[in-house]
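Enquirer: Got a predicted structure plus its sequence, pasted below:
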Amino acid sequence: MAQEIELKFIVNADSVETLRQHLHSLTEEHIAPGQLLNIYYETPDNWLRSHDMGLRIRGVDGKYEMTMKIAGRVIGGLHQRPEYNIPLEKPELDLARFPAEVWPESTLPEDLQARMRPLFSTDFWREKWLINVGASRIEIGLDIGEVKAGELAEPICELELELLSGDATDILKLARQLVTLSGLRQGSLSKAARGYHLAQGNAPREPRPVDILTLPPKASVEQGFASALEQALGLWQYNEEVWLRGNEAAKQNVLDAIALLRHTLMLFGGIVPRKASTHLRDLLTQADATITSAVSASTAVWNPQSAMAKLLLTEWLVTQGWRTFLDEKAQAKFADSFKRFADIHLSRIAAELKKAFAQPLGDSYRDQLPRLAREIDCALLLAGYYDRALVIQWLENWQGLHQAIETRQRIEIEHFRNTAITQPPFWLHSGKR
């Protein structure tokens, strides 16, 4: 088994030659383009996908390799996951050759190989550069080609930084240099994800709104903080992709994701000091301004400042960059129960909203929109341990108030205001548990 650590970027096709020349300037270790043909397999009921596994056979220069990738961790475009590679004499599956640890029950399901079928393929040319950064050895791969499923296809134009040896932070260090160029963005959709989507008919991708954050049982406050940032970063990347593909409505979802990042930093501001996130907040402000004023998705998505903001956030999450700013008291708070943190802060949110909207505000409602948006986001981040139906019902009244204020519907404003401030809590609001 190998532990694959790589950082993926989507490359603007118009920037390929500039990028190629830049990579030539970084190192003399260059490998000319070679063709890679990959066939991905799946069962009719998507057994592999349901277990967060991916299976392919790759052919290069008449040599073949069978690869299984299993669940790992993906932050931004940084993939950290185990993979198993088995050399083959011919391009035919032989699942029995994988070690038992690959399989969920440590045993190859009896009929799995018989049910496997080719699902989609990728056919691309990979050009490589090898570079030393710090004590690390990194392979840079430029992939140009297409992913195909039946009659459907879409282009591949990607850059991958793969850690051959050393420390993952050195990949991020190299990436910081590369994103100063225009035409790079961290990709949220892998080749395999795009292949699955094509195989399912390539339906238009819809924007994703901010949703209730779910956490494992007994999560710590720090786990909640990191998960909130990861959720927001994922929404930013996904909705950016949808916007770039022509769905103009997704622009607002991108802005909502950036707002969620800022609101997360505010929510946990009593533990993580502002100085820990100064540079990140500055980049988020710049990215927000760039996207708000953008005349098209292309001008915003390929902007180096936006790319740098997402990369810095990725690095912050991978290295847990906030920890060096925490004193012993803050460390103890971060180790505490997220459930208790949620109870206390949901009570604060409810009290502040009830105070702000206790009385009709006449022409001043719009002054409260930033506060209302922030508190709704914070409630979404805190509500994952509670009954989803009750959470949604509670949130819908505040969200309805926000929408009514935005659209200046006075009757609806008063309806939602009265309903929202009188509804019962869905959480353990004593703050003692």
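Expert: In hand now; what should we look at? Residues are numbered from 1 along each chain as shown.
Enquirer: so G59 is in which element?
Expert: strand 54-60 (DSSP states H and E).
Enquirer: That strand - which strands sit beside it in the sheet, and in what orientation?
Expert: Paired strands of strand 54-60, with direction, are strand 30-42 (antiparallel), strand 63-69 (antiparallel) (DSSP bridges).
Enquirer: What is the burial count for P33?
Expert: Other residues within reach of P33, judged by other C-beta atoms under 10 Å, total 13. Glycine gets a C-beta too; all of them are placed from N, C-alpha and C.
Enquirer: Looking at it now. What's its pLDDT?
Expert: Looking at P33, its pLDDT is 95.
Enquirer: residues touching it, list them.
Expert: Contact analysis of P33 by C-beta atoms under 8 Å, 6 or more residues apart in numbering lists W125, R126, E127, I144.
Enquirer: Would you mind putting the strands paired with strand 54-60 into a markdown table with distance to P207 alongside?
Expert: Putting the strands paired with strand 54-60 into a markdown table (distance: least, C-beta to C-beta, whole Å) gives the following:
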| stretch | distance to P207 |
| --- | --- |
| strand 30-42 | 27 |
| strand 63-69 | 28 |
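Enquirer: which of those sits most buried?
Expert: For these, average neighbour numbers computed from mean count of other C-beta atoms under 10 Å are highest in strand 63-69, which has a mean of 18.
Enquirer: List of residues touching that strand?
Expert: When contacts are taken as C-beta under 8 Å, 6+ apart, the neighbours of strand 63-69 outside the stretch itself are 4, 53-58, 81-91, 93-94, 97-98, 102.
Enquirer: gap between that strand and the chain center?
Expert: Strand 63-69 has its average C-alpha position 26 Å from the chain's average C-alpha position, going by C-alpha atoms, centre = their mean, to the nearest Å.
Enquirer: can I get the CA coordinates of that strand in CSV?
Expert: In CSV, the C-alpha atoms belonging to strand 63-69 read as follows (Å, rounded to 0.1, in the frame of the first residue of the first chain):
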residue,chain,number,x,y,z
LYS,A,63,2.4,-2.1,-19.4
TYR,A,64,-0.6,-2.4,-17.2
GLU,A,65,-1.4,-1.7,-13.6
MET,A,66,-4.6,-2.3,-11.5
THR,A,67,-5.2,0.4,-8.8
MET,A,68,-7.7,0.6,-6.0
LYS,A,69,-8.0,3.9,-4.1
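Enquirer: for D143, helix, strand, or coil?
Expert: Assigned by DSSP: H, G, I helix; E, B strand; the rest coil, the conformation of D143 is strand.
Enquirer: should've said R208
Expert: Recorded secondary structure, R208: coil (three-state DSSP).
Enquirer: Could I get the average pLDDT for stretch 237-248?
Expert: 95.
Enquirer: and that stretch, C-alpha only, in CSV?
Expert: This file holds the C-alpha atoms of stretch 237-248, laid out as CSV (Å, rounded to 0.1, in the frame of the first residue of the first chain):
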residue,chain,number,x,y,z
GLN,A,237,-15.0,25.1,-4.9
TYR,A,238,-18.1,23.2,-6.0
ASN,A,239,-20.2,26.2,-6.6
GLU,A,240,-17.4,27.9,-8.4
GLU,A,241,-17.3,25.0,-10.8
VAL,A,242,-21.1,25.2,-11.3
TRP,A,243,-20.8,28.9,-12.0
LEU,A,244,-18.0,28.5,-14.5
ARG,A,245,-20.1,25.9,-16.3
GLY,A,246,-22.7,28.5,-17.0
ASN,A,247,-25.1,28.6,-14.0
GLU,A,248,-25.1,32.2,-13.1
